[in-house]
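# predicted model, plus sequence, below.
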Amino acid sequence: AQSVAQPEDQVNVAEGNPLTVKCTYSVSGNPYLFWYVQYPNRGLQFLLKYITGDNLVKGSYGFEAEFNKSQTSFHLKKPSALVSDSALYFCAVRGSGSARQLTFGSGTQLTVLP
Amino acid sequence: SQTIHQWPATLVQPVGSPLSLECTVEGTSNPNLYWYRQAAGRGLQLLFYSIGIDQISSEVPQNLSASRPQDRQFILSSKKLLLSDSGFYLCAWSLAWSPQSNSPLHFGNGTRLTVT
């Protein structure tokens, strides 16, 4: 079975500070990992994905994520947070050898304080 | 470029009434299509997915059904709504699926359904 854990329901950070949203996963085979962002009353927007290659993946809006195979983690990061980054963030995973659909985490609400 | 349209944006329906939510995708052919429900602004539950016309897989037994009468049209229906059907319904598409697919999902803006 594949699973995703986002251990923090809520993350607060001051504007201009670096932010990290945590994600750990469990899959069979190599993981395909994704981050999405959701603004209120909107659909999810794709931010970035890790398939293979460089462990540091760069995505939209200045976000990046670091794949760590030994820790089975895929944390989302941004060097300098903006108030407009405040949103709900979802991590998702699918195993490369799996016919299953994406499994989403429970989401982390990021609040950037001015 | 590809776009996904989902309507209506909000809907208030009485218990026992029927439901029809529609989703269409433009700019791509033979997409995989998905219906998700999001309860309480958090967890996403996959309801149905489709890899082709009239090919629907149901992930969770429930009061809902899905149909795909055309390649880029996906419809979520119910004959009689329950209070528990309230939620935020999201349609999504991805490139044609294979077991090794790494294609991300692209979501519509959702329908907020309130069953009263």
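Yep, that arrived. Residues are numbered from 1 along each chain as shown, chains lettered A, B, ... in the order given.
# on the three-state scheme, residue A:61 is what?
Taking DSSP: H, G, I helix; E, B strand; the rest coil as the rule, one finds residue A:61 in the helix state.
# tell me who's in contact with it.
Residues in contact with residue A:61 (CB atoms under 8 Å, 6 or more residues apart in numbering or on different chains) are A:37, A:47, A:78, A:85. Any C-beta I mention is one placed from the backbone N, CA and C, and that applies to glycine too.
# distance check, it against residue A:85.
With distances defined as CB to CB, to the nearest Å, the gap from residue A:61 to residue A:85 amounts to 7 Å.
# overlap in contacts of these two?
The contact sets of residue A:61 and residue A:85 overlap at residue A:78 (CB under 8 Å, 6+ apart).
# show me the contact partners of stretch A:63-72.
Counting contacts by CB under 8 Å, 6+ apart, the residues outside stretch A:63-72 that touch it are A:24-26, A:31, A:33, A:35, A:47-48, A:50, A:55-59, A:73-78.
# looking at the contacts of residue A:61, which are in strands?
Assignment to strands by DSSP state E places the following of those there: A:37, A:47, A:78.
# point out where the chain drops to low pLDDT.
Going with chain A. Flagging of chain A using pLDDT under 70 yields the residue ranges A:97-100.
# hmm, no, I was thinking of chain B.
Applying pLDDT under 70 to chain B picks out residues B:41, B:61, B:97-101.
# can you map out the strands along it?
For chain B, the strands defined by DSSP E cover B:3-7, B:10-13, B:19-26, B:32-38, B:44-52, B:55-58, B:65-70, B:73-78, B:87-94, B:106-107, B:111-115.
# got it, and chain A?
Listed in chain order, the strands of chain A (DSSP E) span residues A:3-5, A:10-14, A:19-21, A:24-26, A:31-38, A:44-50, A:56-58, A:64-68, A:73-78, A:87-95, A:103-104, A:108-113.
# which one of the ones you listed lies nearest to residue B:112?
Put simply, out of the strands of chain A the one that sits nearest residue B:112 is strand A:31-38, at 13.3 Å, with distance taken as CB to CB.
# wait, what's in contact with the residue nearest to residue A:101 when sequence neighbours are not counted?
Nearest non-adjacent residue to residue A:101, counting by CB to CB, 6 or more residues apart in numbering or on different chains: residue B:46, 5.7 Å away. By CB under 8 Å, 6+ apart, the contact list for residue B:46 reads A:101, A:102, B:34, B:35, B:36, B:59, B:60.
# mind doing that once more with 7 Å?
A:101, B:34, B:36, B:59 (CB atoms under 7 Å, 6 or more residues apart in numbering or on different chains).
# who does the third one form a beta bridge with?
Just to be clear, that refers to residue B:36. When bridges are assigned using DSSP bridges, the partners listed for residue B:36 are residue B:46, residue B:90.
# and the most centrally placed residue in chain B, what does it touch?
Relative to the mean C-alpha position of chain B, the nearest C-alpha, by CA atoms, centre = their mean, is the one of residue B:35, at 2.6 Å. Residues touching residue B:35, when contacts are defined by CB under 7 Å, 6+ apart, comprise B:47, B:48, B:66, B:74, B:76, B:89, B:91.
# tell me the spacing between it and residue A:103.
Using CB to CB, one gets 16 Å for the distance from residue B:35 to residue A:103.
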